[in-house]
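S.K.: Fold the stuff below for me.
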Amino acid sequence: GAPLLADLLSAPPHAANAEYYARIVRDKAVRRRLILAARDVTHAAYDAEQPVAETAKSLAATVHAEGDARAIPLLNSADFADADFATRWLVNHVLVARQPAVIGGPLKSLKTSLGVDLAVSLGSATPFLGQFYTPDRLRVAFISGESGEATVQETARRICASRGITLRDCWIWWGFRLPQLSHDADLSALTSAIRGEALQVVFLDPLYLCLLSGSRGVDAANLFEMGPLLRGIADACLDAGATPIVMHHTKGKPAGDRYETPQLEDLAYAGVKEFARQWLMVSRRRKYEEGSGEHALWLSVGGSAGHSGLWSVDVNEGSPGEEFTGRVWSVAVSTGSDAKIAKAESESAAKEAAKAEARRIKDDADKAAILKALDRWPDGQSIRKLYPTCGIGHTRFEFLAQQLIDGGSLVACDLTVPCGHGTKIVQGIRKS
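M.R.: Numbers count the residues shown, from 1 in each chain. Okay, here's the model as predicted:
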């Protein structure tokens with residue numbers, strides 16, 4: 001009656017769950033056909049003239065055609081050619097809809113903070129990292145089991161302030177108890193929440209806390225065990241209408257490779273890189289200077305849709321004051337090629353500076369040896385007799401002696417030395 005109509009009008013289906021409602025209609029239609037088929041088979045079973053084997057075969061065929069969820073759906077080429085599998089951007093050139101995504105990186109590389117930035121961008125239709133266009137405002141869930149409410153809230157507020165928006169205006173649902181996705185009950189609870197809030201994107205941070213915790217008999221190093229588990233999680237989220245995005249850590253790298261560009265192969269656990277149909281890989285470009293609040297990062301993006309890119313991301317968070325205020329979220333993004341050129345130039349300059357410092361140290365040591373040697377000859381000595389005692393080559397000795405003269409530590413002098421039955425005047429040096 002009227003109360004039912006009022007309830008229906010007050011809670012209209014959300015467009016984000018169109019696929020879910022379509023599956024409900026399909027399932028109801030299948031059930032109706034099964035009921036009709038069962039009625040016909042029942043009548044046939046009472047028909048003594050129809051062979052039992054034929055009746056059983058008819059029932060099996062009907063159930064297989066209508067009700068077997070494990071049946072392999074096939075499309076002929078004509079239907080496949082006409083089908084619409086259009087891909088759409090969630091964030092232009094970074095993230096597409098309905099493909100499982102991973103935000104991966106090493107320990108303390110701002111994975112969660114970048115995930116919050118992405119969630120805010122999707123929930124407010126503002127540019128990701130202030131750079132990448134986000135075309136639509138979406139309904140987003142961000143579930144974190146590691147950082148805690150206070151840290152995530154403070155980070156989200158700073159990011160929103162940098163966009164000129166408020167956190168309360170974002171279409172984001174926040175959670176701080178990760179589901180144990182190897183348990184059917186928790187997976188079902190997650191999909192129920194997705195459908196209940198008509199969520200379009202779900203963040204899970206970090207993956208390891210919700211993937212294997214509490215599971216029995218699943219080996220993280222075994223692709224054949226991890227694959228079905230990850231596929232089940234992805235299918236459950238996608239079937240409920242949401243694109244899953246998980247934050248996950250990478251394997252450790254040798255010290256010499258620690259600041260190189262990140263790769264999908266760096267992800268830990270078997271099956272995770274195969275699960276990821278798109279990825280945002282982050283790592284540091286150089287060591288973080290404690291207390292600076294400045295992070296120099298690599299961001300490598302790619303996916304099955306064909307998108308890819310490499311950028312340098314410089315994040316300045318500032319430093320907290322006495323009352324934990326004063327932190328910011330200031331981001332500068334440039335292309336990876338520019339960053340690589342700048343890095344190469346910086347490394348080249350550092351190498352040249354190191355070489356120059358090594359030369360200075362060597363020069364200072366050799367100059368000290370010259371001055372010490374002259375302590376034996378207060379009145380001076382010729383270069384020809386002096387340089388062998390210092391272990392310095394003749395040409396280099398003359399070069400360094402001239403620098404000492406120019407600096408006022410030595411002076412040139414005339415020396416009288418024996419020559420045959422007489423003497424001669426030669427040029428020498430002495431301490432000033």
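S.K.: ok, how many other residues are close to the residue lying closest to Lys431 once chain neighbours are set aside?
M.R.: The shortest distance from Lys431 to any non-neighbouring residue, by C-beta to C-beta, 6 or more residues apart in numbering, is to Leu374 (5.2 Å). For the C-beta atoms, the positions are set from N, CA and C on the backbone; glycine is no exception. Residues near Leu374, counting by other C-beta atoms under 10 Å, number 23.
S.K.: isn't Leu374 right up against Tyr387?
M.R.: No. Leu374 is beyond contact range of Tyr387, at 11.6 Å (criterion: C-beta atoms under 8 Å).
S.K.: got the buried residues for the top helix by length along the chain?
M.R.: Longest helix of the chain, by residue count under DSSP state H: helix 336-373. Of all the residues in helix 336-373, those buried under the rule 16 or more other C-beta atoms under 10 Å are 336, 339, 343, 366-367, 369-370, 373.
S.K.: and the following helix or strand past it, which strands flank it?
M.R.: Counting by DSSP states H and E, the element after helix 336-373 in chain order, helix or strand, is strand 381-382. Using DSSP bridges, the strands paired with strand 381-382 are strand 422-431 (antiparallel).
S.K.: With just CA atoms, put the partner strand into CSV.
M.R.: This file holds the C-alpha atoms of strand 422-431, laid out as CSV (Å, rounded to 0.1, in the frame of the first residue of the first chain):
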residue,chain,number,x,y,z
GLY,A,422,134.3,26.7,-7.3
THR,A,423,130.6,27.6,-6.6
LYS,A,424,127.6,28.7,-8.4
ILE,A,425,124.2,30.3,-7.6
VAL,A,426,121.1,28.2,-8.0
GLN,A,427,117.5,28.9,-7.3
GLY,A,428,115.9,27.3,-4.3
ILE,A,429,113.0,27.6,-1.8
ARG,A,430,112.8,28.0,1.9
LYS,A,431,110.1,28.5,4.5
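S.K.: In contact with the residue nearest to Lys431: list those residues for me.
M.R.: 380-381, 386, 410, 429-431 (C-beta atoms under 8 Å, 6 or more residues apart in numbering).
S.K.: For those, which two are the farthest from each other?
M.R.: Leu386 and Lys431 (11.8 Å; C-beta to C-beta).
S.K.: neighbour count winner among these two?
M.R.: Per other C-beta under 10 Å, whichever of Leu386 and Lys431 has more neighbours is Leu386, with 20 against 15.
S.K.: Quick check: phi and psi on that one?
M.R.: The phi and psi torsions at Leu386 (degrees, to the nearest 10) take the values phi -80, psi -40.
S.K.: Can you find the helix or strand in this structure with the smallest mean pLDDT?
M.R.: Least confident element among the helices and strands of the chain, by mean pLDDT, DSSP states H and E: helix 2-10 (a mean of 47).
S.K.: could I get the buried residues of helix 336-373 as a markdown table with distance to Glu265 and pLDDT?
M.R.: What follows is these, written out as a markdown table (distance: C-beta to C-beta, whole Å; pLDDT from 0 to 100):
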| residue | distance to Glu265 | pLDDT |
| --- | --- | --- |
| Gly336 | 18 | 71 |
| Ala339 | 21 | 68 |
| Lys343 | 21 | 74 |
| Asp366 | 50 | 93 |
| Lys367 | 52 | 93 |
| Ala369 | 53 | 92 |
| Ile370 | 56 | 92 |
| Ala373 | 59 | 91 |
